[in-house]
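Visitor: Got a sequence here, can you build the structure:
(chains A and B)
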Amino acid sequence: MTEIVNEQMEKEKHIRGLGAMILSRTLDKKIITAQRQGRVGFYTPTMGQEAAQVGLSMALDKDDLIYEYYRDVPMMLHRGVPIEIILNQVFGNRDDLAKGRQMPSHLVARDYNFMSVPSPVATNLPLAVGTAYAKVYRKEKGIVVASFGDGSTSTPDFHAAMNMAAVFNLPILFFCENNGWAISTPVEKQTKTEIWKKADAYGMVGMKADGNNLVEMYKTAQQAVEHVRSGKGPVLLEARCYRMGPHSTSDDPTKYQTDIVLDGSEKDPIVVSQNALKAIGLVNDQLIEKVRAESQRIVNEKFDQQEKIPPPDPETIFQDVYAKETWILREEREEIL
Amino acid sequence: MSNMNMVQALNSTLDMKMSKDDSIILLGEDIGKDGGVFRVTDGLQAKFGPERVIDTPLVELGIVGMAIGMAVYGMKPVPEIQFQDFIYTAMDQIINQMAKIRYRTGGKITVPLVLRTPYGGGIRGGLYHSQSGESYFVHTAGLTVVTPSNPYDARGLLSASLELGDPVIFLEPKRLYRAQKMEVPDNDYKVEIGKANLVHQGDSVTIVTYGSMVPTVASAVEKNGVDADVLDLRTLSPVDIDAISASVKKTGRVVIVHEAPRTLGMGAELSAMISERMIEYLYAPILRVTGPDTPFPYRLEEYYLPNEKRIMAAVNRVLEFR
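Guide: Residues are numbered from 1 along each chain as shown, chains lettered A, B, ... in the order given. From the prediction side, this is the model:
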């Protein structure tokens, strides 16, 4: 009986996962188009990384905490972050949790265990080490995930965090979303080794996953998460995926990239994942079409709705610098406003 | 009351606060078994265990980043950077993470931590064990910058810093670590952050200083019978503009003394603040006595550090200006 229930739950998990991927892709395309129309200032598309992120997210629990990076929208949607939170941040409107202070794509959703995004890459990694340490110190459940791109593996912060996590044997999953590019620099010019192999030098386990296939990604992610959760120490999990869009809406990848994976093509992780799920009889074209239509309806409706929200009050510029406003900030506020 | 030097004052304060609050956790290089190279954390690992007094790998950005990651999760970490001169690889963590997390999360995530680090010269430390880099931190919105000049203030400021709820850069003037013993209360008193201390009173000139220069200025003033207000800032960001204003409006003459290089040092900001709001009270130009704009020398450090002769020359110039 439990076996049948478990099997049913796993099936639903995969269907939900694909749903989040399609919703995220729909939102991505909507925001990119809106940026070109001048309705959004900036955006870092996430197309091509959906299966990697959602496959991992499917293996995580509610108590797990994530230091995300600026392309992790699919993971956030899958973990239940309302689309409104994402759109409010993209518009930088009055309802944005960070009061319109950051460029689009720098999301925060602390209530959903997403810890916020700085632009300097990999600087969240040492923080993840500290948070994992605090979790162990307090004997709490749950692991910490730190996600980053392939370019981040060249930074001193990556080295510091990997080393410390291993030395202190902490429950961290280092999740490298290797999309092959750091703006215009290909991964071959970033590092001479495969990224997952770097783990060995730090004395931790490294794993490589097919980040284009939801079914395969989930399987590998489960093993990685299980290792970390069982107290055996950190894992470096490298998911191979594609950056199907530009680095950001300010970037033209045709200048340096010749083999761009096109939306809906056979390498597209949504197509790969749909085919994998179809092969094991979990989804069919009819269901996929229904999810697409529903995603489009939700995205259009929410986009128009959140776009109408006015910008934050100018006073907010001076808030949250300190717990209490200093005399210097008070003077500057009174002068400017 | 106990008779103690600054190292003992800091050590006993950490001990007292850690006994009361198990979210306080110390981390840094050689701070555990060894008690830190200046012994500020001596004995604390034996008492609180290696999980709470953590000997870390040798990586300043990792120490600071790890401390931030603890603070955002509700702990109160006290990272130690062995010498302030070694902090620069962690400046990205300090400027882009520590100082900005409250702001970038709309106040949802905060960083209650106290980063302790010895700074300043006078111990024959040369270029890389003597720097006074306070301006780098004061220039960064989101940081509170504190520096004690005696054991009493060290204890009271550390206690207040641990309860501020925001990141504090706690600069310890290493030359004063063992320079002076004084009677210090054993209770958990606080020295309010943002409040200066009038260490000498007079009507003719205001000398603004802080950290390691406080005893040098105080002794110069006393030896030479100068009728001066001597203000020990204690907090460099935000500075106590009320205390400065009250004194300057009384004296109309100002000298600023610090060890850090002159260009864009604290003196530049203080001078601008005073000029902007009190020019009509001034009888003389504001003078600065500071370290020169050179790296910090080893063998000839007594030429680098402001001394009685230079302080008195500036004081006399300001007093005699007509």
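
Visitor: Check the burial of B:Met66 by counting its neighbours.
Guide: Burial of B:Met66, expressed as a neighbour count using other Cβ atoms under 10 Å in any protein chain shown, amounts to 33. Heads up, the C-betas are built off the backbone N, CA and C, glycines and all.

Visitor: Equivalent analysis for B:Glu276, please.
Guide: 8.

Visitor: Distance of it relative to B:Val248?
Guide: Between B:Glu276 and B:Val248 the distance is 12 Å, computed by Cβ to Cβ, to the nearest Å.

Visitor: How about A:Asn6?
Guide: When A:Asn6 is compared with B:Val248 (using Cβ to Cβ), they lie 76 Å apart.

Visitor: now do A:Ser57
Guide: Here the distance between A:Ser57 and B:Val248 works out to 60 Å (Cβ to Cβ).

Visitor: cool, and A:Thr191?
Guide: Distance, A:Thr191 to B:Val248, by Cβ to Cβ: 58 Å.

Visitor: Report pLDDT for A:Met1.
Guide: At A:Met1, the pLDDT value in this model is 63.

Visitor: what do you get for the one 3 residues further on?
Guide: Note for A:Ile4: predicted pLDDT of 85.

Visitor: Report the buried residues of the helix or strand hosting it.
Guide: According to DSSP states H and E, A:Ile4 maps onto helix A:2-36. By neighbour count with 16 or more other Cβ atoms under 10 Å in any protein chain shown, helix A:2-36 contains the buried residues A:14, A:17-32, A:34-35.

Visitor: other SSEs contacting it?
Guide: In terms of contacts (3 or more Cβ pairs under 8 Å, 6 or more residues apart in numbering or on different chains; DSSP states H and E), helix A:2-36 is packed against helix A:50-59, helix A:73-78, helix A:83-91, helix A:214-229, helix A:269-279, helix A:285-307.

Visitor: What lies in contact with the fifth one?
Guide: Outside helix A:269-279, the residues that touch it by Cβ atoms under 8 Å, 6 or more residues apart in numbering or on different chains are A:14-15, A:18, A:21-22, A:25, A:48-52, A:211-216, A:241-242, A:264-266, A:283-285, A:288.

Visitor: That one to helix A:285-307, inter-axis angle?
Guide: Following axes from the mean of the first three to the mean of the last three Cα atoms, to 10 degrees, one obtains 140 degrees for the angle between helix A:269-279 and helix A:285-307.

Visitor: Over to the third one?
Guide: Between the axis of helix A:83-91 and that of helix A:285-307 there is an angle of 50 degrees, by the same axes, to 10 degrees.

Visitor: Output helix A:83-91 as CSV, nothing but the C-alphas.
Guide: Listed next in CSV are the C-alpha coordinates belonging to helix A:83-91 (Å, rounded to 0.1, in the frame of the first residue of the first chain):
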residue,chain,number,x,y,z
ILE,A,83,4.7,34.9,-8.9
GLU,A,84,3.7,38.3,-7.5
ILE,A,85,6.9,38.4,-5.3
ILE,A,86,9.0,37.9,-8.4
LEU,A,87,7.2,40.4,-10.6
ASN,A,88,7.1,43.1,-7.8
GLN,A,89,10.9,42.8,-7.6
VAL,A,90,11.3,42.9,-11.4
PHE,A,91,9.2,46.1,-11.5
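
Visitor: And the average pLDDT for that helix is what?
Guide: Throughout helix A:83-91, pLDDT has a mean value of 98.

Visitor: With the first one instead?
Guide: Here the mean pLDDT over helix A:50-59 is 98, rounded to a whole number.

Visitor: Show me what it is packed against.
Guide: By contact count (3+ Cβ pairs under 8 Å, 6+ apart), the secondary structure elements abutting helix A:50-59 are helix A:2-36, helix A:73-78, strand A:172-178, helix A:214-229, strand A:235-240, helix A:269-279.

Visitor: CA atoms of the fourth one as PDB?
Guide: Going back to what we said before, that points to helix A:214-229. Presented in PDB, the C-alpha positions along helix A:214-229 are these (Å, rounded to 0.1, in the frame of the first residue of the first chain):
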ATOM      1  CA  LEU A 214      14.300  16.500 -15.100                       C
ATOM      2  CA  VAL A 215      14.100  12.800 -14.400                       C
ATOM      3  CA  GLU A 216      17.900  12.300 -14.500                       C
ATOM      4  CA  MET A 217      18.500  15.500 -12.600                       C
ATOM      5  CA  TYR A 218      16.100  14.600  -9.800                       C
ATOM      6  CA  LYS A 219      17.800  11.200  -9.400                       C
ATOM      7  CA  THR A 220      21.300  12.600  -9.000                       C
ATOM      8  CA  ALA A 221      20.000  15.500  -6.800                       C
ATOM      9  CA  GLN A 222      18.400  12.900  -4.500                       C
ATOM     10  CA  GLN A 223      21.700  11.200  -4.000                       C
ATOM     11  CA  ALA A 224      23.500  14.400  -3.400                       C
ATOM     12  CA  VAL A 225      20.900  15.700  -0.900                       C
ATOM     13  CA  GLU A 226      20.800  12.400   0.900                       C
ATOM     14  CA  HIS A 227      24.500  12.500   1.400                       C
ATOM     15  CA  VAL A 228      24.500  16.000   2.800                       C
ATOM     16  CA  ARG A 229      21.400  15.300   4.900                       C
END
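
Visitor: How far away from the center of its chain is it?
Guide: Mean C-alpha position of helix A:214-229 versus that of the full chain (Cα atoms, centre = their mean, to the nearest Å) differs by 16 Å.

Visitor: So which bits of it are buried?
Guide: A:214-218, A:220-221, A:224-225, A:227-229.

Visitor: circling back to that earlier point, out of the helices and strands packed on helix A:2-36, which is the most enclosed?
Guide: Burial of the helices and strands packed on helix A:2-36 is given as mean neighbour count (mean count of other Cβ atoms under 10 Å in any protein chain shown); helix A:50-59 ranks first at a mean of 29.

Visitor: partner residues bridging B:Pro261?
Guide: Going by DSSP bridges, B:Pro261 is paired in beta bridges with B:Gly291.

Visitor: Please name the residues that touch it.
Guide: B:132, B:290-294.

Visitor: Now which of those residues would you call buried?
Guide: Neighbour-count burial (16+ other Cβ under 10 Å) applied to these gives B:132, B:290-291.

Visitor: How about the residues of the stretch 201-337 of chain A by chain B?
Guide: A:319-323, A:326-328 (Cβ under 8 Å from any Cβ of the partner chain).

Visitor: Turn the residues you listed into CSV, columns for pLDDT and secondary structure.
Guide: Shown next, in CSV, are these (pLDDT from 0 to 100; DSSP: H, G, I helix; E, B strand; the rest coil):
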residue, pLDDT, secondary structure
A:Gln319, 98, coil
A:Asp320, 98, coil
A:Val321, 98, coil
A:Tyr322, 98, coil
A:Ala323, 97, coil
A:Thr326, 98, coil
A:Trp327, 98, helix
A:Ile328, 97, helix
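
Visitor: Among these, list the two that are farthest apart in space.
Guide: Every pair in those was compared (Cβ to Cβ); the two farthest apart turn out to be A:Asp320 and A:Trp327, at 17.0 Å.

Visitor: So for these two, which residue has more residues nearby?
Guide: A:Asp320 (22 against 13).

Visitor: Would you map out the domains in chain B?
Guide: Using automatic domain parsing, the domain parsing of chain B gives B:2-184, B:197-320.

Visitor: most neighbours per residue, which of those?
Guide: Comparing those by mean count of other Cβ under 10 Å gives domain B:2-184 as most buried, with a mean of 21.

Visitor: Tell me how far that domain lies from the chain's centre.
Guide: 11 Å.

Visitor: measure that domain end to end?
Guide: Between the start and the finish of domain B:2-184 there is a gap of 5 Å, counting by Cα to Cα, to the nearest Å.

Visitor: average pLDDT across that domain?
Guide: When pLDDT is averaged along domain B:2-184, the result is 98.

Visitor: so B:Lys17 makes contact with B:Leu162?
Guide: Yes. Taking Cβ atoms under 8 Å as the definition, B:Lys17 is a contact partner of B:Leu162 at 5.5 Å.

Visitor: any common contacting residues for these two?
Guide: Residues touching both B:Lys17 and B:Leu162 (Cβ under 8 Å, 6+ apart): B:Ile24.
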